[in-house]
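In: structure of the sequence below:
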Amino acid sequence: MARNAYYQTTHWRSLKQSCHQRDGWRCTVPGCQTPTYRLTCDHIKRRPNVDHPTALDVLSNTRTLCGNHDAQVKELASGKRRQGGKLIIKGATVDGTPLDPNHPWRRLDGRGRVDP
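Out: Below is the predicted model of the structure:
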């Protein structure tokens, strides 16, 4: 994550809160063994290193990751993501369905949202 003033703004805090709520306060990687460890709101597409909100600072461009999965794809100084941004998925079937019956993705409604 770039260190800049944006991450201290009300906009970011609200976006981060909405991201975690949408994802049920759990890592979104299916089968994650530590789904609530050091949760991070991760931008899927990298945002520019500017101090104000951009078009990439929207809920649809975020995901909740645990500390372990965030570290897997954390950006290097060059701006490139480790492992090409690919997450290692454990505990899931071949099609990505989580083996954990309590994972929020097992409770999605017909519109792709987690049922309460």
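In: which other helices and strands does the helix ranked longest in the chain contact?
Out: Assignment by DSSP state H gives helix 10-22 as the longest helix of the chain. In terms of contacts (3 or more CB pairs under 8 Å, 6 or more residues apart in numbering; DSSP states H and E), helix 10-22 is packed against strand 40-43, strand 62-65. All C-beta spots, glycine's among them, are computed from the backbone N, C-alpha and C.
In: winner for burial among those strands?
Out: strand 62-65 (a mean of 24; mean count of other CB atoms under 10 Å).
In: so which of the helices and strands packed on helix 10-22 gets nearest residue 26?
Out: strand 62-65 (6.7 Å; CB to CB).
In: quick one: mean pLDDT over that closest one.
Out: The predicted model gives strand 62-65 an average pLDDT of 95.
In: pLDDT below threshold where in this structure?
Out: Within the chain, the set of residues satisfying pLDDT under 70 comprises 1-3, 75-96, 98, 104-116.
In: so what's residue 23 closest to, chain neighbours aside?
Out: Using CB to CB, 6 or more residues apart in numbering and skipping residues adjacent in sequence, the residue nearest residue 23 is residue 64, 3.8 Å away.
In: one step back: of the helices and strands packed on helix 10-22, which approaches residue 17 most closely?
Out: Closest to residue 17 of those is strand 40-43 (CB to CB; 8.5 Å).
In: what does that closest one rub up against?
Out: Contact partners of strand 40-43, identified using CB atoms under 8 Å, 6 or more residues apart in numbering, comprise 15-16, 19-20, 56-57, 61-67, 70, 73.
In: that strand pairs with which strands, and in what direction?
Out: strand 62-65 (antiparallel) (DSSP bridges).
In: would you mind measuring from the closest residue to residue 4 other than its chain neighbours to residue 7?
Out: Nearest non-adjacent residue to residue 4, counting by CB to CB, 6+ apart: residue 51, 5.0 Å away. Using CB to CB, to the nearest Å, one gets 9 Å for the distance from residue 51 to residue 7.
In: with that, I have no additional questions.
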